Each structure stands twice: as C-alpha cells, then as structure tokens.
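In: Compute the structure for the input listed below.
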Amino acid sequence: MISISTFSGRSVALFGLGGSGRVTARALAAGGAQVTAFDDNPDSVAAAAAEGIGTADLHGADWSGFDALVLAPGVPLTHPKPHWTVDKARAENVPIIGDIDLFCRERAKIAPHAPFVAVTGTNGKSTTTALIAHILRRAGRDVQMGGNIGVPVLALDPPAKGRIHVLECSSFQIDLAPSLDPTVGILLNISPDHLDRHGTMENYAGIKKRLVTGARKAVIGVDDVWCRTAAEEAEGAGVSVERISAIGDRHEIDLTNAAALRGDHNRQNALAAAHACRMLGLEEADIQAGLEDFPGLEHRMQIVARRERVLFVNDSKATNANAAAKALSSFRDIHWIAGGLAKEGGIASLSPLFGRVAKAYLIGEAAPAFAATIGERLPFEISASIDVAVRRAAADAAQAEADEPVVLLAPAAASFDQFGNFEERGRAFVDAVAILDGVDAPMVPVDPVPADPGQPAEAPIVEHTTDPEPGEEIVAEAAEAVEAAEVEAGDAPADAQSAAPVAPVADMDTAESEADHREAAETPVDTQGGTDAHEDEPAPPVAAGDDDDVPALEGLDADDELARLADELERANGGGERVHEADAMGRDETLREDEDVPSQ
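Out: Okay, the predicted model is just below:
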C-alpha cells in the first residue's frame, strides 16, 4: 500500500466506499491524515467502519474544515448534475481530487524521478496497459500495474527509484487528477463515450487530452481528429510526441509471431506499448520478445489453447456486434460461437464478415434471432449450451481443410441470460475447451490482480450432469417440428440445407473504423451505490449436459418456429423480468471496459 504522507495532519473528506475507496481511506490514514469517510449506501459505511475507517455523515459536516474531498471516480463531478458532496466542497473552495491525484502527489514528494506510464483512450487501454507491464517485467524491470485495470493505485507498492508504475486511467479518473504528470503518457483514440457524464464530446476529449499535455513524453494515436488535435496541443505545451497509426504504420512493427495481438486494433496497442518501452530505455530485442509471448488479457481475444491445427480463442468480452467484428476480422476459417442476450441491432452489421466464418454455433436467448439474420448465407446450428457448442465446433474444426481453423467465442451479445457476467461466460468456454481430448496446455492470460504467493492456485472445477438441459428438449422439439413442416411443404430437411454449399460473402476491409472495431469502451457506473459492472440479476446458468445426441437446428428458417423457440428458450433459461441489484459494497472506481449495463 502507498501511504499518503502529503496530507499528514490535515483533514480529508472521502466519499465512495467501494473497494478502492476503502483502500484510499486506509492509505490516507496511514500517512497521518484525519479521514472522514461516507457513502450514500449505509451498508458500505458499516463495512468501512468495521474495518476501522473513520466514518461520519458528511451532510452535516463543517466543510470549511476540510483540506480536500477525495471522490470515487464513479460519482458524478459535473454531469448529469454534480453529486451533493461536490456542491458542498465547491461552496467552501475545497479541492476535489481522486486516488490517481494522491498517487501523483506522493510520487512527486518521495520519488519524483520514478518512471510512471499512464494510458488512456476510449478503447484499448486495458490491453495496452497490460502489454507494457508484460514487456517491462519480461525484461527484468520492477513493475507495478494498476488503476482502472483492476488494482486500485494506492494498493500498489510505493514509487521508488527504478520502480515503474503503469496505470490505466479512465476519463473519470483523469478528471479528478489535476496533478497528473506521467513520464510517458499514452492516448490511443477518442470516440464518443460517457457523454452522459461529461456533457459534450468537446469536454470528454478535453479531459482525455490532459493525460498527454501534462506528460514529459507522449505516444498518441492519430487515427481520429480528436487525437490529432491532442498531439498538436501536447507539442505546443512542450511535450515530446510520438504519433502512431494502426492503419498507416503496418510495417513499423512485426506481429507475425504475436498470437495474442491480431487485428488492426491490437496493432495500435502494440505500437503504443513498443514506443513507451523505448522511451523507458528498453532494447528492441526485449520489446519484440515481449510482444511475441504476451498471453493477452482474459476474455479479450484470449488464445486459450490448441488442438493440433485448431486454435481456440475466448473473446467473451465481445458483448456487441462492433466488438465481435474485431475478432471476426482477425481470423479466417472461423467456427463461431455466438449468442446470449441480444443487443439492439443484433448481428446484422456483421454480415460482411460472414465470409470468414465456416459455421456458426448459436447459444442463449439470441440464438433464434441470430439464426434468422444468418438465414442461408452461412451454415449454423443452435446449441443448448457453450459446452455443446465447443464440442460441436471442435469436432467440425478438426475435419476442416484449413491450415488453422479457429474455434472462436465472440458472442456479440450480453451474458445475462445464462451467466452472471461475461467473465463467467468466458471461463465456461475455457473449461469446456480444457476437457477436450488432445488439447495443449493453455496460455495463461495476464492477471491484473497479483496472486497471493502464500495461496496455491486452484484448478477450475467443471461440473457435469447426465440430466437433460432445459434447452435440449426444446431444441429437439423445434427441430422435429420445423423438419416436419418443411417435408410437408416439399422442402428439403434442415440438415440437407446446411450441407449445401454456401456462397461466400465479400470480406470487410480490415482497415476498421475507429469507433466500431477497437476494444470495447468503458462502462458507466451506477451512481446509486454500485461498484463494478452492474448487471441484471442473472438467470440460473444452464447446466453442462452430456448431450452430443441433441439434434441441431441447422438452417432453421421457419418464422413461426423461430418465434416459438425464442419464447421457449427464454422460459427454459429463466427468462422474464430481470431485477437490477446494486453492489452492496458501495460506489467504487471507474468501471473496466465491460459489457453494457442492461436497461432497467
């Protein structure tokens, strides 16, 4: 933990008692500050008090006596309207800051020359942060990684000579960090996001720019007009700027052997990481080696394993079509597992990429709708669960003639119909792959949360059951009904249709647009007391079943049966009204780049 001595002997109000808020309170107290902490959630206040944190209702506090308000980034500072603590602080001219600012102040005091890399951007910042940390650690450097990527900055080891801090910073965190002064600042891209919290695109872009205009050196992606302007402004402020382009710098970096960095979006991430590491003095050989053995982040185009020629990829974080497009455009000969709780627009926008897909395996509530979109343009089947989909896809991929068939989980849908979140869905995919015969040892993704060295890692538990899954009988029933209807009408049965050649669809240009094909954007926080990705109360997960004999609905195109199947699947999977349940631990840091919060 970093003890914050810069507020020693001073009085600090702190609002927001989620995980990072409690870490911040302890860091301030350890440095000698008098902390008065509060949250709108009484359970959060009680939990903090139980840990020995000084709490009191800030409604009735004498704000003229506070030297600062430390605000959790999830709390509105300006839009849609300032939180009541912000109004009280401003009324008494009390500075409003966050934990990133406390880190910067402490670094300036105890180790001003300790290297500090800060990374931001609408998309891609988590991967870039993890990649930089990976390359540096591989080269033998002392590295601390945290911030928006998962570990609160003040939970890290303190700045020291030779120790490098690599921090992911969201717009919410930057807005609360007037002292932000990284050694290397990285701005990847800017596209519309969080306008409900920042008011206008100009305000949002202006906040992002602060990270590089306050840096000594900067790496800035210039594939959008906002970042091109930021590069000019940073140079005008005396910052040494390195411009990068995912589209224009194709020959500047060799990612041929970097399995976890496929696609133009990852080319930008890799360029940023490489330039940052050069600025910190790394040799080219160390940078290249780190790029090539970077395992990726969990659930973000994560290379899970191989089985002979077949590659298994977990992109569970692709919770909408735009995010799934990145993975689909990064591979060919894809056996695509898709579905879940559909987002607006479904997968219609992905049709230009269908030519890269050998076959689709549809899961969850979105399966009938996705099937209707695919129609006869692509072979597909509806699977009762991820387990079934993995087995079917793996078997088909093993028979493919391609040099490297890919079994890809890129759902293009939220996970709430069958799982608690996209992480659970991704782990279910990984577990299903792990029990296949002949699978090589999986690559271990970067874990932003350091493991406790005193605790042995636990192997994942995979449960099996011989009972039929809720969706199995429905799938079988619908398949029989559709086939019977087609036979009566004189049409070919569904399986015969699936076996017919499919006309290829023209590929999308791999130079993807900025907004559509970069890493999924951050998720706004719930301002009523939640912490991480607030999600609807999930339906019970579908159990893993021994169901290889369940008939698949291949080429299903009967509208009435699709509608009936959708209703039946929703009922079987626990569908119906979902109840939002706020995190009882209170308001916390800016959310990771997670799937969208479902509407309530």
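In: What are the boundaries of the strands in the stretch 301-450 of the chain?
Out: 302-307, 310-314, 334-339, 341-342, 357-363, 380-382, 406-409, 413-414 (DSSP state E, counting those that start in this stretch).
In: I'd like these laid out as CSV, including distance to C169 and mean pLDDT.
Out: Every C-beta, even on glycine, is put in place using the N, C-alpha and C of the backbone. Listed next are the strands of the stretch 301-450 of the chain as CSV, based on distance: least, C-beta to C-beta, whole Å; pLDDT from 0 to 100:
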stretch, distance to C169, mean pLDDT
strand 302-307, 23, 91
strand 310-314, 26, 95
strand 334-339, 32, 98
strand 341-342, 30, 92
strand 357-363, 35, 98
strand 380-382, 41, 97
strand 406-409, 29, 98
strand 413-414, 26, 93
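In: Switch those strands over to TSV; also include mean neighbour count.
Out: Shown next, in TSV, are the strands of the stretch 301-450 of the chain (neighbours: other C-beta atoms under 10 Å):
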stretch	mean neighbour count
strand 302-307	21
strand 310-314	25
strand 334-339	28
strand 341-342	24
strand 357-363	25
strand 380-382	28
strand 406-409	29
strand 413-414	28
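In: Just send these back as JSON lines, with distance to F103 too.
Out: JSON lines is the format used below for the strands of the stretch 301-450 of the chain (distance: least, C-beta to C-beta, whole Å):
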{"stretch": "strand 302-307", "distance to F103": "29"}
{"stretch": "strand 310-314", "distance to F103": "32"}
{"stretch": "strand 334-339", "distance to F103": "40"}
{"stretch": "strand 341-342", "distance to F103": "37"}
{"stretch": "strand 357-363", "distance to F103": "42"}
{"stretch": "strand 380-382", "distance to F103": "49"}
{"stretch": "strand 406-409", "distance to F103": "36"}
{"stretch": "strand 413-414", "distance to F103": "33"}
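In: Which of the ones you listed sits closest to I186?
Out: strand 302-307 (22.2 Å; C-beta to C-beta).
In: just how off-centre is that closest one within its chain?
Out: In terms of C-alpha atoms, centre = their mean, to the nearest Å, the centre of strand 302-307 is set 19 Å apart from its chain centre.
In: now swap in stretch 364-375 and tell me
Out: For stretch 364-375 - counting by C-alpha atoms, centre = their mean - the centre lies 24 Å from the chain centre.
In: Helices along the stretch 201-350 of the chain, start to end?
Out: 201-213, 225-236, 264-279, 284-292, 321-328 (DSSP state H, counting those that start in this stretch).
In: Let me have those in JSON lines, extended by distance to A108 and mean pLDDT.
Out: Formatted as JSON lines, those follow (distance: least, C-beta to C-beta, whole Å; pLDDT from 0 to 100):
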{"stretch": "helix 201-213", "distance to A108": "16", "mean pLDDT": "95"}
{"stretch": "helix 225-236", "distance to A108": "20", "mean pLDDT": "97"}
{"stretch": "helix 264-279", "distance to A108": "20", "mean pLDDT": "94"}
{"stretch": "helix 284-292", "distance to A108": "29", "mean pLDDT": "97"}
{"stretch": "helix 321-328", "distance to A108": "38", "mean pLDDT": "90"}
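In: For those helices, give me a markdown table that also has distance to I53 and mean neighbour count.
Out: A markdown table is the format used below for the helices of the stretch 201-350 of the chain (distance: least, C-beta to C-beta, whole Å; neighbours: other C-beta atoms under 10 Å):
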| stretch | distance to I53 | mean neighbour count |
| --- | --- | --- |
| helix 201-213 | 29 | 21 |
| helix 225-236 | 38 | 18 |
| helix 264-279 | 36 | 25 |
| helix 284-292 | 39 | 17 |
| helix 321-328 | 38 | 26 |
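In: out of the ones you listed, nearest to T128?
Out: So among the helices of the stretch 201-350 of the chain, helix 264-279 is nearest, using C-beta to C-beta, at 4.5 Å.
In: distance between the closest one and the chain's centre?
Out: The answer for helix 264-279 is 19 Å, by C-alpha atoms, centre = their mean.
In: is the residue nearest to G438 when sequence neighbours are not counted in a bridge, and if so with what?
Out: In this structure, G438 finds its nearest non-sequential neighbour in R307, 5.1 Å apart by C-beta to C-beta, 6 or more residues apart in numbering. R307 has these beta-bridge partners by DSSP bridges: V310.
In: check contacts around F7.
Out: Residues counted as contacts of F7 (C-beta atoms under 8 Å, 6 or more residues apart in numbering) are 28, 31-33, 67-68, 102.
In: Swap in 6 Å and give it another go.
Out: 28, 33 (C-beta atoms under 6 Å, 6 or more residues apart in numbering).
In: and what of L69?
Out: Applying C-beta under 6 Å, 6+ apart, the residues near L69 are 13, 89, 94, 96.
In: run the last query once more with 7 Å
Out: 13, 15, 85, 89, 94, 96 (C-beta atoms under 7 Å, 6 or more residues apart in numbering).
In: Tell me the spacing between it and F416.
Out: L69 sits 35 Å away from F416, taking C-beta to C-beta, to the nearest Å as the criterion.
In: on that earlier part again, my guess is the residue nearest to G438 meets D437, correct?
Out: No - under the criterion of C-beta atoms under 7 Å, R307 is not in contact with D437, lying 8.0 Å apart.
In: who does T36 bridge with?
Out: A13.
In: Now A397: closest residue in space, sequence neighbours ignored.
Out: The nearest residue in space to A397 (C-beta to C-beta, 6+ apart) is P405, at 3.9 Å.
In: Against A289, how distant is that neighbour?
Out: Counting by C-beta to C-beta - P405 and A289 are separated by 28 Å.
In: swap in G221?
Out: 24 Å.
In: Could you look up the SS state of G74?
Out: Recorded secondary structure, G74: coil (DSSP: H, G, I helix; E, B strand; the rest coil).
In: Any idea how many residues pack against G238?
Out: 8 (other C-beta atoms under 10 Å).
In: need the contact list for it.
Out: Taking C-beta under 7 Å, 6+ apart as the definition, G238 has no contacts.
In: okay, it: pLDDT?
Out: pLDDT for G238: 97.
In: swap in T466?
Out: pLDDT, T466: 27.
In: for D548, same thing?
Out: pLDDT at D548 comes out at 32.
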